[in-house]
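>>> Just need the structure, nothing else, for what follows:
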Amino acid sequence: MSWTDDRVEILKKMWGEGQSASQIAKELGGVTRNAVIGKVHRLGLSNRTTTGAAAPAAPKAEAKPKPAAKAAAKPKAEPKEEEVEAAPAPRPNLPARAKIIPAGQPLPPQPSANEISPEALAKVSEIEKKSKKIGLMDLTERTCKWPVGDPATDDFWFCGLPVQQGKPYCEAHVGVAFQPMSARRDRRR
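Down below sits the predicted model:
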């Protein structure tokens, strides 16, 4: 099936009338609902007008409300035209502080040395001298997965020492990664 000029005109007309993609596909024949949606987007027709005459919907069988529901049901006011057109776009369900970093961009700054206790830093520098310096493919559930260096360079490696029970890092790196909340809160002041 190809999109001839006649078929495109039918699609535009039906889309403008408010017909669904399924209804348009059925009318055209030989195309799927998804093909209609794709063509609508390629033609730039995805925004329907609210003032156009919508096609009459098939009458739905209304369920009879229960007696208790009748009393609680209140008539809904129809939305004003400007409210329909200015409906806000749905927001993605992300945490408030989530930030998406595009591929190839540098990571945000990691905790600075003044945010980590001096004891933990001393322990880490000693441990990193003794670490096994393993690559990604050598990591197991028993090796410390603490990354060291820039992943874009050849000097990048993982600690590789034995992990602390139930943690992904060795004892020294656990001291840096998992700090008590009160200690972090005190350093910010």
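
>>> What residue spans form the domains of the chain?
Domain segmentation of the chain under automatic domain parsing yields 5-43, 115-188.

>>> Just put those domains in a markdown table and tack on mean pLDDT and mean neighbour count.
In short, each C-beta sits where N, CA and C put it, glycine included. Formatted as a markdown table, these follow (pLDDT from 0 to 100; neighbours: other CB atoms under 10 Å):
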| stretch | mean pLDDT | mean neighbour count |
| --- | --- | --- |
| domain 5-43 | 91 | 15 |
| domain 115-188 | 81 | 14 |
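
>>> Kindly check the end-to-end length of stretch 135-153 for me.
Criterion CA to CA, to the nearest Å; first-to-last residue distance in stretch 135-153 is 12 Å.

>>> Would you mind listing the outside residues contacting it?
Identification of contacts with stretch 135-153 by CB atoms under 8 Å, 6 or more residues apart in numbering yields 128, 131-134, 155-163, 168-170, 173, 177.

>>> What segments of this structure are strands?
147-148, 157-158 (DSSP state E).

>>> export those to CSV and tack on distance to residue 45?
Output for the strands of the chain, formatted as CSV (distance: least, CB to CB, whole Å):
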stretch, distance to residue 45
strand 147-148, 48
strand 157-158, 52
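
>>> Nearest to residue 120, out of these?
Residue 120 lies closest to strand 147-148 among the strands of the chain, at 15.2 Å (CB to CB).

>>> Partner strands of the closest one and their direction?
When sheet partners are counted by DSSP bridges, strand 147-148 sits next to strand 157-158 (antiparallel).

>>> And for the strand it pairs with, what's in contact with it?
Residues contacting strand 157-158 (CB under 8 Å, 6+ apart): 131, 133-136, 138-139, 143-149.

>>> Return the member of these nearest to residue 26.
Nearest member of these to residue 26, counting by CB to CB, is residue 136, at 52.1 Å.

>>> if I look at that closest one, how far off is residue 157?
Residue 136 sits 9 Å away from residue 157, going by CB to CB, to the nearest Å.

>>> where does residue 152 fall, phi/psi-wise?
phi -80, psi 0 (degrees, to the nearest 10).
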